[in-house]
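Enquirer: below are the sequence and a predicted model for it; my questions follow.
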Amino acid sequence: MSIKVSGLTKYFGKQKAVNNVSFEIKKGEIVGFLGPNGAGKTTTMKMLTGILEASEGQAEILGLDFQNQKAEIKKQVGYLAEANPLYTDMYIEEFLSFVANVHKIENKKEAVQLAIERTGLIPERNKKIHQLSKGFRQRVGLAQAIIHDPQVLILDEPVSGLDPNQLIDIRALIKELSQSKTIVFSTHILQEVQALCDRVLIINKGELVADDQIENITRTALEKYRMQIETKAAIKLDALKTAVSGLKVIDKKHQKYILSWNGNISKREEIFQFLVAQGHVIYEMKMEQNTVEDVFQKLTQ
């Protein structure tokens, strides 16, 4: 297990920022860590990197615990902070050499070169950091996070403020890094979660409210199916709702309908049989997928 968290709790004075959070993350997973502002995401991530100490509970990284093996854990964890603090008056290679020295890397030049190559910084390598775009600054932040070849990456808002082209580039980079590393990242761009993650954790008011695979959480958390239908003639909706119990019509425009129902059983076949029995010509009949955004709103509002 790459990360194991048990009963993690953090107080700031009398305020409880994180309350009894527990989860496990396997090697090679990409896990999205979601929650509204102030929910406890950054605090939890800082505890996983050793920047903050937990008030209660414990966290293990690669089987190592913070109480006895904190220095060893830091060698295995790469961290990109939300603000991405950089020495902007330094050249890229100069900054990464400084970071390599901090980590006491033996083959410093080789490590710097590899980090530059992996993060796509070669075209900009001779620039000072303040001359870089937001996207390339994020790449520098990722380069410093991976320069010591950690097994676990903790990325706090790695795609914040990027334009669509930069988002695609950083997404591809994170995917590539996940082939050899376990990655936990937070973001407010929920489309990125569906594009990148194997699994999501959702935290709200300091408590973990969801932990599941993407496909499971979008289906079961809302306990709701949705279907879009288009027919040549108008459907007799009262008759349909009588024939198919629990069915709701949530939108109707001409001969286009969006239907929904709760539970864990698909009613698609019942609806199809009703329409055929009524002699309808069906132009379209498809299930609509609930999104991570739907789940997020339900669990955090």
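Expert: Yep, that arrived. Keep in mind the model is a prediction, meaning the values are calculated, not measured.

Enquirer: tell me where the stretch 51-200 of the chain has strands.
Expert: 56-61, 64-65, 77-80, 152-156, 182-186, 199-204 (DSSP state E, counting those that start in this stretch).

Enquirer: now these in CSV, with mean pLDDT, distance to Ile174 and mean neighbour count?
Expert: The C-beta positions use only the backbone N, C-alpha and C, and glycine is treated the same way. Shown next, in CSV, are these (pLDDT from 0 to 100; distance: least, Cβ to Cβ, whole Å; neighbours: other Cβ atoms under 10 Å):
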stretch, mean pLDDT, distance to Ile174, mean neighbour count
strand 56-61, 94, 19, 19
strand 64-65, 91, 24, 16
strand 77-80, 96, 10, 22
strand 152-156, 95, 7, 23
strand 182-186, 94, 6, 24
strand 199-204, 94, 14, 23
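
Enquirer: for Lys267, find the nearest of these.
Expert: Shortest distance between Lys267 and those, using Cβ to Cβ, is found for strand 199-204: 27.1 Å.

Enquirer: alpha carbons of that closest one, as CSV, please.
Expert: What follows is strand 199-204, C-alpha atoms only, in CSV (Å, rounded to 0.1, in the frame of the first residue of the first chain):
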residue,chain,number,x,y,z
ARG,A,199,-10.7,7.0,-8.0
VAL,A,200,-11.9,10.0,-6.0
LEU,A,201,-12.0,11.1,-2.4
ILE,A,202,-14.4,13.9,-1.4
ILE,A,203,-13.9,15.8,1.8
ASN,A,204,-16.5,18.2,3.3
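
Enquirer: show residues contacting that strand.
Expert: 18, 21, 23, 25, 29-36, 39-41, 44, 193, 208-214, 217, 292, 295-296, 299-300 (Cβ atoms under 8 Å, 6 or more residues apart in numbering).

Enquirer: returning to what we had before: reformat the strands of the stretch 51-200 of the chain as a markdown table; add distance to Asp238.
Expert: Below are the strands of the stretch 51-200 of the chain laid out as a markdown table (distance: least, Cβ to Cβ, whole Å):
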| stretch | distance to Asp238 |
| --- | --- |
| strand 56-61 | 55 |
| strand 64-65 | 63 |
| strand 77-80 | 56 |
| strand 152-156 | 52 |
| strand 182-186 | 47 |
| strand 199-204 | 38 |
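
Enquirer: out of these, which is closest to Asn126?
Expert: Taking the strands of the stretch 51-200 of the chain one by one with Cβ to Cβ, strand 77-80 is closest: 23.0 Å.

Enquirer: run through who's touching the helix or strand encompassing Lys241.
Expert: Here Lys241, judged by DSSP states H and E, is contained in helix 237-243. Helix 237-243 has contacts (Cβ under 8 Å, 6+ apart) with 247-249, 252, 257, 270-271, 274, 278.
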